[in-house]
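Participant: fold the following and give me the result.
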Amino acid sequence: MRNLSTPWVLAAALVLAPAPALAARAAPPAKALTAPTPLDRFLAHLHTLRTRFRQTLVDAHGGVLSRSVGTLIVQRPGKFRWNIHPLHAGGGGQLMVADGRNLWFYDRDLQQVTVQPLSAALSATPAMLLSGTVDVRKAFHERLAGRREGLQWVYVAPRQRSGADFRSALFGFEHGTLKKMILEDTLGQVATVTFQHIRINVPVPAAELRFTPPPGVDVIGHPLH
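Facilitator: Take a look at the predicted model:
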């Protein structure tokens with residue numbers, strides 16, 4: 001998988017400054033949580049999710065690397081569509097689709113599609129967490145991370161760091177609804193995602209969670225059928 005600067009690792013207006021410091025303070029818990037967190041409760045009742053988002057990606061020194069907008073659709077278990085476009089740019093961007101069997105990654109700028117079996121393509125990532133293909137408590141350290149900017153935060157980190165696509169993540173909730181994510185990758189880049197117009201448990205047409213490579217693009221890999 002690519003690092004946070006390409007597909008699914010996202011972000012939007014970096015309003016929780018300094019985000020890296022907040023993540024660093026929320027170390028993994030010494031012992032497992034027993035009571036459900038806002039993240040646990042959100043996922044327990046989540047069947048589908050449809051939302052827009054705004055994203056900002058910054059480097060380890062706080063310099064802005066990119067700003068983007070996009071949409072996210074999730075259907076649990078195991079399906080999602082993440083579509084992202086650079087802000088103030090015509091065309092381009094990436095599309096990632098998990099159809100329950102395969103993970104498709106389409107880079108519009110490169111005119112290239114990469115496909116892998118879903119089980120091999122994703123390890124401990126936020127995409128796996130939201131789409132319900134992993135047991136959150138088994139795959140992630142999880143703890144409450146306090147309240148800031150009107151949101152209740154939950155910290156997660158992969159239990160197995162090898163092969164993970166991110167170092168830590170913070171999920172921000174308002175009245176039980178996911179409003180923001182802050183993710184730090186293994187290079188120290190920080191992505192902040194702000195969700196807008198969130199719709200929970202609404203119908204999702206099957207066609208939105210399928211992918212067919214556009215004519216003329218290079219396809220790397222072989223999908224499961």
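Participant: ok, which stretches of this protein are helices?
Facilitator: Along the chain, counting by DSSP state H, helices occupy 19-25, 38-44, 118-121, 126-131, 136-139.
Participant: so what touches the third one?
Facilitator: With contacts defined as CB atoms under 8 Å, 6 or more residues apart in numbering, helix 118-121 is touched by 1, 78, 98-103, 133. The C-beta positions use only the backbone N, C-alpha and C, and glycine is treated the same way.
Participant: any regions of the protein where pLDDT drops low?
Facilitator: Within the chain, the segments meeting pLDDT under 70 span 1-34, 89-90, 121-126, 162-165.
Participant: redo that, cut-off 80
Facilitator: Along the chain, the model assigns pLDDT under 80 to residues 1-34, 88-91, 119-129, 133-136, 139, 160-166.
Participant: can you show me the strands along it?
Facilitator: Along the chain, the segments classed as strands by DSSP state E run 48-58, 64-75, 79-86, 94-99, 102-107, 112-117, 140-148, 151-158, 168-174, 177-184, 190-200, 218-220.
Participant: please produce JSON lines containing those strands, extended by distance to Glu208 and mean neighbour count.
Facilitator: Formatted as JSON lines, these follow (distance: least, CB to CB, whole Å; neighbours: other CB atoms under 10 Å):
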{"stretch": "strand 48-58", "distance to Glu208": "9", "mean neighbour count": "20"}
{"stretch": "strand 64-75", "distance to Glu208": "6", "mean neighbour count": "19"}
{"stretch": "strand 79-86", "distance to Glu208": "6", "mean neighbour count": "21"}
{"stretch": "strand 94-99", "distance to Glu208": "9", "mean neighbour count": "22"}
{"stretch": "strand 102-107", "distance to Glu208": "13", "mean neighbour count": "22"}
{"stretch": "strand 112-117", "distance to Glu208": "17", "mean neighbour count": "18"}
{"stretch": "strand 140-148", "distance to Glu208": "27", "mean neighbour count": "18"}
{"stretch": "strand 151-158", "distance to Glu208": "27", "mean neighbour count": "23"}
{"stretch": "strand 168-174", "distance to Glu208": "24", "mean neighbour count": "22"}
{"stretch": "strand 177-184", "distance to Glu208": "20", "mean neighbour count": "22"}
{"stretch": "strand 190-200", "distance to Glu208": "13", "mean neighbour count": "19"}
{"stretch": "strand 218-220", "distance to Glu208": "21", "mean neighbour count": "12"}
